[in-house]
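1. predicted model and sequence below, questions to follow.
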Amino acid sequence: MPEQIDGIDAKILHLIQTNAALSVADIADSVGLSSSPCWRRIKRMEEIGIIKQRVTILDRKKLGLDFEVFVAVKLALPNRVNMEKFEAAVSRMPEVVQCATVTGAVDFMLRVVTKDMHSYEDFLREVLLSIDLISDVQSRIVLRQSKDSYAIPLNLISNSVPRL
């Protein structure tokens with residue numbers, strides 16, 4: 001287990017990554033602390049960067065953004081400068097919700113969210129392929145999402161957190 005957190009911290013993290021709207025009093029009650037020490041633990045984990053940010057997760061389908069594609073991108077010349085240029089360009093594309101440098105036959109895997117096939121085609125042709133560093137793009141359309149979680153597996157660092 002990392003030195004910065006103990007079992008109580010792991011329980012707190014489990015609770016807030018499941019529901020960031022919980023009050024400090026509710027979290028404290030669940031982990032067996034009073035509010036003040038619980039709040040101090042949360043603040044400390046924010047200060048040392050374990051808690052990066054608190055966000056609201058929106059329902060893409062209810063917003064009409066339920067077309068999802070995994071895109072494998074190969075650069076023509078995958079050197080450090082070109083990879084940094086590509087990453088900078090992708091960071092300005094709101095349709096790209098995740099970008100990872102990967103090993104194997106491609107250089108990057110992107111997760112792209114749009115309204116529909118036509119919106120994706122427009123994004124692909126007009127935005128992504130306008131980056132002159134790309135030699136190949138392979139798209140994998142998501143038919144059904146069977147798991148979509150932002151929670152990290154805290155049970156791997158603490159026995160105090162249940163395996164879900």
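-> Cool, the structure landed.
2. just the helices in this structure please.
-> With DSSP state H applied, the chain shows helices at 7-18, 24-31, 35-47, 80-91, 117-122, listed in chain order.
3. could you report the pLDDT at residue 133?
-> Predicted confidence (pLDDT) for residue 133: 96.
4. quickly note the distance from the residue sitting furthest away from the middle of the chain to residue 139.
-> Distance from the C-alpha centroid of the chain peaks at residue 34, with 31.4 Å (C-alpha atoms, centre = their mean). Distance of residue 34 to residue 139, computed by C-beta to C-beta, to the nearest Å: 52 Å. Any C-beta I mention is one placed from the backbone N, CA and C, and that applies to glycine too.
5. domains of the protein?
-> Domain assignment for the chain by automatic domain parsing gives 7-56, 61-141.
6. so can I have JSON lines of the ones you listed showing distance to residue 148?
-> Shown next, in JSON lines, are the domains of the chain (distance: least, C-beta to C-beta, whole Å):
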{"stretch": "domain 7-56", "distance to residue 148": "14"}
{"stretch": "domain 61-141", "distance to residue 148": "9"}
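7. least reliable of these going by mean pLDDT?
-> domain 7-56 (a mean of 94).
8. contact partners for the nearest residue to residue 51 once chain neighbours are set aside?
-> Residue nearest to residue 51 in three dimensions, not counting chain neighbours: residue 45, with 4.8 Å by C-beta to C-beta, 6 or more residues apart in numbering. Each residue near residue 45 by C-beta atoms under 8 Å, 6 or more residues apart in numbering is listed here: 4, 5, 9, 12, 13, 51.
9. once you drop chain neighbours, what's closest to the fifth one?
-> This means residue 13. residue 154 (5.7 Å).
10. circling back: show me just the buried residues among the contacts of residue 45.
-> Buried subset of these (neighbour count, 16 or more other C-beta atoms under 10 Å): 5, 9, 12, 13, 51.
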